[in-house]
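# Build me a model:
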Amino acid sequence: MATKDAPPRWDRKMQQRLARGEAAALGELYDRFATLVHGLAHRVLGDEHAADGITREVFAHVWQHPDAYDPRQGPLRSWVAALTHRLAVQRLRATETAVLAGGHGTFEELEHKVRHAAVAARADYIVQSMPAPLRSALERAYFQRRDYRQTAADLGITEDEARRRLRLGLQLLSTAHDTGAPPGFGGTA
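Predicted structure coming up:
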């Protein structure tokens, strides 16, 4: 059984391995976080090719600057997500600024796009970070259009438990509209 200290210990060891230049550590980190990184970048940029580029940039940055992560500031996952978000927003702003310079759009439209992308990325991060029971209840309700009774039957839980999971999951998702970075996006990159 995992202890509460397991993720921070893994984070510290991963940082140490990266600092020693262990290529296997980068591969392990990539395997663990590539889906998160690509998903967040795609949410912000809305472009598969650009998300691929941000994914490469994030892992290159982690490889080149493992000391930029401070385990005392929070989980490695959150730091990687914050780095992804920052790089993707920078790319979006640069791309859109070029469009603005060409006379196509306004600054307000750009800022609206950036805010919308940030909320979408935050919602993705929240869903991916929530416990599996909450996530599976929300996925059934949203993607499969199941009500709480059907969700309860699908998951083999009581209707009260299904309602509780859906309510809590939706409460967590409602924070996606809050300003600032996704929960746990502490630390600097």
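# which helix in this structure runs the most residues?
When the chain is scanned for its longest helix (criterion: DSSP state H), the result is helix 76-101.
# Do you know the pLDDT at the residue nearest the centre of the chain?
The centre of the chain sits closest to residue 125, judged by C-alpha atoms, centre = their mean, with a distance of 3.4 Å. In this model, residue 125 is scored at 75, pLDDT.
# Was I right to think it contacts residue 84?
No - Residue 125 is beyond contact range of residue 84, at 9.2 Å (criterion: C-beta atoms under 8 Å). Just so you know, the C-beta spots here come from the backbone N, C-alpha and C atoms, and that holds for glycine as well.
# between those two, what contacts are shared?
Counting by C-beta atoms under 8 Å, 6 or more residues apart in numbering, the common neighbours of residue 125 and residue 84 are 36, 40.
# about what we covered before: which helices and strands sit right next to the next helix or strand after the longest helix of the chain?
In the C-terminal direction, the helix or strand that comes right after helix 76-101 (DSSP states H and E) is helix 107-129. When contacts are defined as 3 or more C-beta pairs under 8 Å, 6 or more residues apart in numbering; DSSP states H and E, helix 107-129 sits against helix 23-45, helix 76-101, helix 132-142, helix 159-174.
# Mind listing what's buried along the helix or strand containing residue 16?
Using DSSP H and E, the element containing residue 16 is helix 6-19. Residues 10, 11, 14, 15, 17, 18 are the ones in helix 6-19 that count as buried (16 or more other C-beta atoms under 10 Å).
# got any ranges where this protein has weak pLDDT?
By pLDDT under 70, the weakly predicted segments of the chain are 1-7, 97-107, 110, 178-189.
# Please give me every residue in contact with residue 92.
The contact partners of residue 92, by C-beta under 8 Å, 6+ apart, come to 44, 45, 113, 114, 117.
# ok, and the most crowded of those residues?
Greatest neighbour count in these, by other C-beta atoms under 10 Å, goes to residue 44: 29 neighbours.
# Now for it: which residues touch it?
Shown in contact with residue 44 (C-beta under 8 Å, 6+ apart): 85, 88, 89, 91, 92, 117, 118, 120, 121.
# so how far is the longest helix of the chain from its chain's centroid?
Counting by C-alpha atoms, centre = their mean, to the nearest Å, helix 76-101 is centred 13 Å from the centre of its parent chain.
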